[in-house]
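J.: fold the following and give me the result.
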Amino acid sequence: MDELSLLARALPDAPPPSAEVVEKARLRLAAAQRKPVRPGRANRRGLAWGWTLGAAATTIAVVMAVVTLVSNVTAVPAPVLAPARGNDALLRLADQIARLPDERGDYWRRPLLNNWLTRVQAGGETFNVLSSSRIDLWQPRDPGDPVQAEQWQQFVRPATEADERAWRAAGSPDTVQRVCTPGTRAGDCAKVRLRSKPSQCVYTRAAEPGGVLGDSRLGELTLADLAALPGDAEQLREKLRTYWKTRKDSQPKGSFEEFLATSSALLELPVKPSVRAAALRLLAGLPTTKVRGSITDPLGRAGIEVTFIKSEGFTAEFGTDDEVAQRYTTILDPHTGTVLAANVGIAVESTEGLAKGTFMDYQAWAPEAGWTSERPERPRGCRLSDRPLP
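T.: Numbers count the residues shown, from 1 in each chain. Sure, this is the predicted structure:
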C-alpha cells in the first residue's frame, strides 16, 4: 500500500514528501549495497519530513529533514570478512549479552521517536526549533491478535534554553519562518507552527495475515521466524544466506558479504539475546563495521557508537548553508546490544546556529521499548484510519 498517501489523508496539515525524501531513501539503499554515494548540491528545497506507517505490523523507517545528495556512484570491490581487531568491543558485548535471559511478553512494543532540527526566524530573532514525532508499534506474539500502530506529532519547540530565550525575545510566536538557502522559492520555504502538546494522531489496528512483520530488510519474517533463529554465529550466517538467496528485492542483488551487513537489522528486531550476540559477532568481522567508542545518545543515555555501512562524506542543508558536512551513526545499548538510536545525523563542522557535534536528526527508541504483557489500548483522541489493510 502507499503509506505516504495514507498519511497525506490522515494529516492534511503535514507538508508532502519532497524530492529530498526520495533522494535520501535512495542513499540508504545504495549504502546498504556498499556503493559510496557522493553528496552535493541538488534540489535542497522545502522542509522535508515524513514517516512511513504500514497499516499493520509496520516497522517504521522515517526519512528525516533536509539531507540531500546526488547519485555519483563508483563501483567498489565487494567486502570480505576480516578479523574484528578494532571491533573487539562488539565481541565483548556479544559475550556479555549472550548470557542474558530470554525476554517474555505477549507484545513487542517499539516506540520510535523521530526528531530533527530546523533553523527559523521571527521578530528579528533567529534560532533553532526541534520537531518530534512518535510512532508506537505493538506487535503480538499471537498472529491472530491485532497489530496496533499509532503516530502523532509530539511537539515543535525551541531546541535549547538559548533558543527559547531568543523565541521569547521574538514575542513567543506560534508560527515562525524557516530559514532557507538563498534563492529558495518562497513556496518551498515553509512556515513552521510551534506546538507543545501531541497532535495529529492517527492509528491502525488489525490482524496481519500470517503475522508477517513490516520490516522486510531480511525478508518476509514473522515473530516465530525470529524466535527460531540460531544463537550460533556460523549457523546464523547460513540462515542469513538462505534469506539472501530468496529475497525479492527489486534492486540488483549484491553479494552475500554485502547482504551480511544488513544483519544489523537484527539489533532492532525482537530476537533472543543469544541471536543478538551472534549477529554482533558476524558484524564485528565485517570491514564495513567501525566502532567509534562511547557516546551519549540524543536522549541522554550512555551508548556505544558504531557504523555498519558507509557513514561519512555526506552533506545536509541547515539554515542558509546548503552543504553542512554530516555523518551518520548507530548507537547501541552497552548492556543489551539493542539499538538506542539509528540514522543519527551528526554535524562534523560548525555553521551559523549549528555547532560541530550537534545531533541534526535521529531516530531513537523510547525507554519503554521491548516485550510487555500489557495489551495496547485504543488511543483516545486518535483517528482510526479507514485505509484498507494489505
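
J.: can we go C-alpha only for contacts and neighbour counts from here?
T.: Noted.

J.: quick one: the helices in the chain?
T.: 3-10, 19-32, 88-97, 161-169, 223-227, 233-246, 256-260, 273-284 (DSSP state H).

J.: distance to residue 115 and mean neighbour count for those - can I get that in TSV?
T.: TSV is the format used below for the helices of the chain (distance: least, CA to CA, whole Å; neighbours: other CA atoms under 10 Å):
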stretch	distance to residue 115	mean neighbour count
helix 3-10	18	16
helix 19-32	15	18
helix 88-97	27	19
helix 161-169	16	16
helix 223-227	28	14
helix 233-246	32	16
helix 256-260	29	20
helix 273-284	26	26
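
J.: tell me which of those helices sits nearest to residue 312.
T.: helix 19-32 (10.7 Å; CA to CA).

J.: follow-up on the earlier one: mean pLDDT for the helices of the chain: which is lowest?
T.: Looking at these, the lowest mean pLDDT belongs to helix 3-10 (a mean of 37).

J.: state the distance from residue 117 to residue 278.
T.: Distance of residue 117 to residue 278, given as CA to CA, to the nearest Å: 36 Å.

J.: burial check on the closest residue to residue 223 other than its chain neighbours, number of neighbours?
T.: Nearest residue to residue 223 in three dimensions, chain neighbours excluded: residue 141, at 6.5 Å (CA to CA, 6 or more residues apart in numbering). Residues within reach of residue 141, counting by other CA atoms under 10 Å, total 18.

J.: hang on, residue 141 packs against residue 222?
T.: No: Residue 141 is not in contact with residue 222 according to CA atoms under 8 Å; the separation is 9.1 Å.

J.: could you list the low-pLDDT ranges of the stretch 1-150 of the chain?
T.: 1-85 (pLDDT under 70).

J.: now do the same contact list for residue 118.
T.: Residue 118 sits next to 128-131, 178-179, 318-319 when contact means CA atoms under 8 Å, 6 or more residues apart in numbering.

J.: need those residues in JSON lines with distance to residue 359 and neighbour count, can you?
T.: Below are these laid out as JSON lines (distance: CA to CA, whole Å; neighbours: other CA atoms under 10 Å):
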{"residue": "128", "distance to residue 359": "12", "neighbour count": "25"}
{"residue": "129", "distance to residue 359": "13", "neighbour count": "24"}
{"residue": "130", "distance to residue 359": "11", "neighbour count": "19"}
{"residue": "131", "distance to residue 359": "13", "neighbour count": "23"}
{"residue": "178", "distance to residue 359": "18", "neighbour count": "24"}
{"residue": "179", "distance to residue 359": "18", "neighbour count": "22"}
{"residue": "318", "distance to residue 359": "12", "neighbour count": "26"}
{"residue": "319", "distance to residue 359": "15", "neighbour count": "25"}
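
J.: any chance of CSV for the residues you listed, columns distance to residue 376?
T.: Output for the contacts of residue 118, formatted as CSV (distance: CA to CA, whole Å):
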residue, distance to residue 376
128, 35
129, 32
130, 28
131, 26
178, 37
179, 40
318, 38
319, 40
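
J.: closest to residue 346 among these?
T.: residue 318 (12.1 Å).

J.: skipping adjacent residues, who's closest to residue 327 in space?
T.: residue 312 (4.6 Å).

J.: I'd say the one you found and residue 329 touch.
T.: No: counting by CA under 8 Å, residue 312 does not reach residue 329; the two are 9.1 Å apart.

J.: roughly how far apart are residue 218 and residue 245?
T.: Taking CA to CA, one finds residue 218 at 11 Å from residue 245.

J.: ok, residue 285 next?
T.: 21 Å.

J.: if we can go back for a sec, how about CSV for the helices of the chain, with distance to residue 106 added?
T.: Below are the helices of the chain laid out as CSV (distance: least, CA to CA, whole Å):
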stretch, distance to residue 106
helix 3-10, 27
helix 19-32, 32
helix 88-97, 22
helix 161-169, 41
helix 223-227, 11
helix 233-246, 25
helix 256-260, 30
helix 273-284, 17
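
J.: for residue 199, which of those is the nearest?
T.: That would be helix 3-10 among the helices of the chain, by CA to CA, at 11.8 Å.

J.: just give the number of residues close to the nearest residue to residue 302 once chain neighbours are set aside.
T.: Distances taken as CA to CA, 6+ apart place residue 296 nearest to residue 302, at 4.6 Å, with adjacent residues excluded. Residue 296 has 12 neighbours, counted by other CA under 10 Å.

J.: just the strands in the stretch 101-250 of the chain please.
T.: 107-122, 125-140, 147-158, 175-178, 191-193, 199-206 (DSSP state E, counting those that start in this stretch).

J.: and of those strands, who's closest to residue 291?
T.: strand 107-122 (23.5 Å).

J.: just the CA trace of the closest one, in PDB.
T.: Extracted C-alpha coordinates of strand 107-122, given in PDB (Å, rounded to 0.1, in the frame of the first residue of the first chain):
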ATOM      1  CA  TYR A 107       3.500  -7.900  22.700                       C
ATOM      2  CA  TRP A 108       6.700  -6.500  21.300                       C
ATOM      3  CA  ARG A 109       6.400  -2.700  21.800                       C
ATOM      4  CA  ARG A 110       8.500  -0.400  19.600                       C
ATOM      5  CA  PRO A 111       8.100   3.300  20.300                       C
ATOM      6  CA  LEU A 112      10.200   5.200  17.800                       C
ATOM      7  CA  LEU A 113      11.000   8.900  18.300                       C
ATOM      8  CA  ASN A 114      11.900  10.900  15.200                       C
ATOM      9  CA  ASN A 115      13.500  14.300  15.900                       C
ATOM     10  CA  TRP A 116      15.100  16.900  13.700                       C
ATOM     11  CA  LEU A 117      16.400  20.500  13.900                       C
ATOM     12  CA  THR A 118      15.300  23.400  11.800                       C
ATOM     13  CA  ARG A 119      16.700  26.900  11.600                       C
ATOM     14  CA  VAL A 120      13.900  29.500  11.900                       C
ATOM     15  CA  GLN A 121      13.400  33.300  12.400                       C
ATOM     16  CA  ALA A 122      10.700  35.500  13.900                       C
END
